[in-house]
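Colleague: sequence and predicted structure are below.
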Amino acid sequence: MTIIRGATTIDKDCKEEISASVKALLDEIFAINALKKEEINGFLFSLTTDIHSYHPAKAARECGYDFAPLFAAIEPEIDGSLKLCIRLMLFTELIQNRQVKHVYQKGAKALRKDISEIYNIALDGPAGSGKSTVAKALARDYNILYLDTGAMYRACGLKALRLGVDPKDGVAVEKMLPNLDVKVEYRDGTQHTILDGEDVSTAIRENAVSMAASTISAHPCVRMKMVEMQREIAKSMSCVLDGRDIGSTVLPDAKYKFFITADSKVRATRRYKELVERGERVDFDALHAEIVARDKQDSERAFSPLVQAKDAVLIDTSDMDVEGVLAAIKRVIQSKI
Ligand code: DC
């Protein structure tokens, strides 16, 4: 007896999605393993607790996989595990010496990074467009890493502020670089930004750091150092990266690219709420002016500016909620898998 493994994810808990995904999974398993009906002993599906609308075993039977016993069971509910996921164990009498090929489709590719391709999702856009919220949700749902590249530039800006170095002063910034030690670490799936050995994840979120980060990030010497780290991380594992130049410069070959934007007033309102919730006192008009100035500075810098990559999908989130943006992005991703 030989076991072939497979898994896939669905975008939405509905009968059509379940039927189509189960069929696609079985079709690929049968095709790449050149399986014959007579060789199959049984199908055992499992599904995550967030799937309720249809039975994968029924879906399999309906699309012609009715020649061996079929069974499906619910998996235990585990924090942080992949959402809307259907797994399969296929029992077969494989002819000896035939090598088994397991199949992981869609978001389930993340379950077996060893046999699935590494892929990157680039999310670029201006401040407050909702990139980071969406990036975190995508990383959670696809079980891949989230790399917040803005946090790295924020750490550079914070270092300059602490040393009294003017972030505009290219010569002073370049002198500071050999002693600039920025690292990202992950604890419980959350990115921690480490500056010279200190966890500055909270400090870099202060509003004063935003403009310093934008200004310092315009220097090519700073960008080169940060981009190298970003590429190293993205090369080694599947991840979602958010920033300004991911799709255009950092990872021009990223499989999925999005440019997330929104009206500047909407973006300022989002940042305002975020800062007030964190206990910072800010004036809305000043914050809006600052966001507009930061957009201008990020878009007009000579080296690697904020720009929509030619092949990035544009999403304007002005009138969308997080769920809507997430669904739109996932639709594009699924259509390209
Ligand atoms: O995404 P954020 O607001 O945390 O980013 C802070 C600043 O860092 C932003 O104004 C411009 C800069 N940045 C950049 O130049 N390139 C990136 N990939 C990410 C951020």
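Modeller: Ah, there it is. Numbering: from 1, shown residues only.
Colleague: tell me the bridge partners for the residue of the stretch 151-300 of the chain at minimum distance from the ligand.
Modeller: The nearest approach of the stretch 151-300 of the chain to the ligand comes at Gly243, 2.4 Å away (C-beta to the nearest ligand atom). Heads up, the C-betas are built off the backbone N, CA and C, glycines and all. Taking DSSP bridges as the rule, Gly243 bridges to Asp124.
Colleague: can you give me the neighbour number for it?
Modeller: 31 (other C-beta atoms under 10 Å).
Colleague: pLDDT value on it, please?
Modeller: Note for Gly243: predicted pLDDT of 97.
Colleague: could you measure from it over to Ile291?
Modeller: Separation of Gly243 from Ile291 (C-beta to C-beta, to the nearest Å): 16 Å.
Colleague: check Ala262 too.
Modeller: 11 Å.
Colleague: counting by contacts, list what the host helix or strand of Ile333 packs against.
Modeller: Here Ile333 is covered by helix 322-336, with elements defined by DSSP states H and E. Under the contact criterion of 3 or more C-beta pairs under 8 Å, 6 or more residues apart in numbering; DSSP states H and E, helix 322-336 touches helix 131-142, strand 256-261, strand 313-316.
Colleague: up against the ligand, what does the stretch 1-150 of the chain have?
Modeller: Taking C-beta under 6 Å from any ligand atom as the criterion, the stretch 1-150 of the chain approaches the ligand at residues Ala127, Thr149, Gly150.
Colleague: what's the closest of the residues you listed to the ligand?
Modeller: Set against the ligand, the nearest of these by C-beta to the nearest ligand atom is Gly150 (2.5 Å).
Colleague: next one: phi and psi at the closest one?
Modeller: Main-chain torsions, Gly150, degrees, to the nearest 10: phi -60, psi -30.
Colleague: check Glu17 too.
Modeller: phi -60, psi -40.
Colleague: next one: Cys221
Modeller: Here is the backbone geometry of Cys221 (degrees, to the nearest 10): phi -60, psi -40.
Colleague: one step back: can you redo the residues of the stretch 1-150 of the chain next to the ligand as JSON lines with pLDDT and neighbour count?
Modeller: Output for those, formatted as JSON lines (pLDDT from 0 to 100; neighbours: other C-beta atoms under 10 Å):
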{"residue": "Ala127", "pLDDT": "92", "neighbour count": "23"}
{"residue": "Thr149", "pLDDT": "98", "neighbour count": "25"}
{"residue": "Gly150", "pLDDT": "97", "neighbour count": "19"}
